[in-house]
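# Predicted structure and sequence below. I'll ask about it afterward.
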Amino acid sequence: MRAFFALHNAELAAERPIGAIDDVHFPESLVTALLEEYTSVGDVVLDPFAGYGTTLVVAERLHRHAIGVELVPSQLKIIGARLTGRAQVVAGDARVLSSLVNGPIDFCVTSPPYMHAVDHPENPLNGYETLDGDYEVYLQEIGEIFTQVATLLRPGGHLVLNAANIVTAGKVTPLAWDIARVVSRCLTFCQESFLCWDSQPTWMSGDYCFVFRKDRPGCPQPGRVG
């Protein structure tokens, strides 16, 4: 994967789906580049945090079979209106991913809901609906989710995960690096790519895509980040 991607806020805003209340989604150009690099026609692509369905929409366009998991009802409705039939969206909690999705899958690309470590009581993994958020518990559950992704991936398959480091009240939560560290316990870390926005949001100090691989039998065991 290339060392950096140049991304544009105008592109993101123009792609905002009907009914969406924000621009928290992948640019289609980024997903297209990732699918063209890591998949072929007919491959199975998973997004366990489907959001507004951008991964699924692009996968349909490129003739991949896509599966998305999404918890938030309003976002499920938006996704359903965007799909043409090749992709599948499942209503459910990514924390029980293995009960919702059957493997094997060829590729996973996603961005989990964010949490920072500075006074963040809302729980990202249930749609920010409860006030039991805990940063260390969040990271533990993120690790468990991607352990399930690892079991679904075919040997040699890849995960590309987008995450940012977050600035809150002048303090930086190294969210991207913390997520990469816990995911590297179950998958081999390959590289990172920097996402260069033409106008980077003030709430982030850096935006990344991390590449992980599920090794084939006989390959080295997963390395760790940090």
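Thanks, I have it.

# Below-threshold pLDDT in this structure: ranges please.
23-25, 216-226 (pLDDT under 70).

# Am I right that Pro201 is in a helix?
No - counting by DSSP: H, G, I helix; E, B strand; the rest coil, Pro201 is not found in a helix; it is coil.

# residues near it, how many?
13 (other CB atoms under 10 Å). All C-beta atoms are positioned from the backbone trio N, CA, C, and that covers glycine.

# Report the separation between it and Ile78.
22 Å (CB to CB, to the nearest Å).

# The lengthiest strand in the chain pairs with which strands?
Secondary structure of the chain per DSSP state E: the longest strand is strand 153-168. The strands beside strand 153-168 in its sheet (DSSP bridges) come out as strand 105-110 (parallel), strand 171-173 (antiparallel), strand 204-213 (antiparallel).

# Adding mean neighbour count and distance to Asp132, write those strands out as a markdown table.
Listed next are the strands paired with strand 153-168 as a markdown table, based on neighbours: other CB atoms under 10 Å; distance: least, CB to CB, whole Å:
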| stretch | mean neighbour count | distance to Asp132 |
| --- | --- | --- |
| strand 105-110 | 23 | 23 |
| strand 171-173 | 15 | 18 |
| strand 204-213 | 20 | 25 |
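
# Asp132 and Arg95, how far apart?
Asp132 is 14 Å from Arg95, by CB to CB.

# Which stretches in this protein count as strands?
With DSSP E as the criterion, the chain has strands at 4-7, 44-47, 65-70, 88-91, 105-110, 153-168, 171-173, 188-197, 204-213.

# need those strands in CSV with distance to Tyr128, can you?
CSV is the format used below for these (distance: least, CB to CB, whole Å):
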stretch, distance to Tyr128
strand 4-7, 25
strand 44-47, 19
strand 65-70, 14
strand 88-91, 17
strand 105-110, 17
strand 153-168, 15
strand 171-173, 16
strand 188-197, 23
strand 204-213, 18
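
# now for those, which one comes closest to Arg181?
strand 188-197 (9.0 Å; CB to CB).

# The closest one: which residues count as buried?
Burial within strand 188-197, assessed by neighbour count using 16 or more other CB atoms under 10 Å, is assigned to 188-189, 192-193, 195.

# and which of these is nearest Ile21?
For the buried residues of strand 188-197, the minimum distance to Ile21 (CB to CB) is 22.1 Å, reached by Leu195.

# Not counting sequence-adjacent ones, nearest residue to that closest one?
Asp207 (4.0 Å; CB to CB, 6 or more residues apart in numbering).

# wait, doesn't that neighbour sit right on Val167?
No - using CB atoms under 8 Å, Asp207 makes no contact with Val167, being 11.9 Å away.

# List the residues that contact the residue nearest in space to the middle of the chain.
A centroid search over the chain (CA atoms, centre = their mean) returns Thr110, at 1.7 Å, as the residue closest to the centre. Thr110 is in contact with 46-49, 55, 159, 161-162, counting by CB atoms under 8 Å, 6 or more residues apart in numbering.
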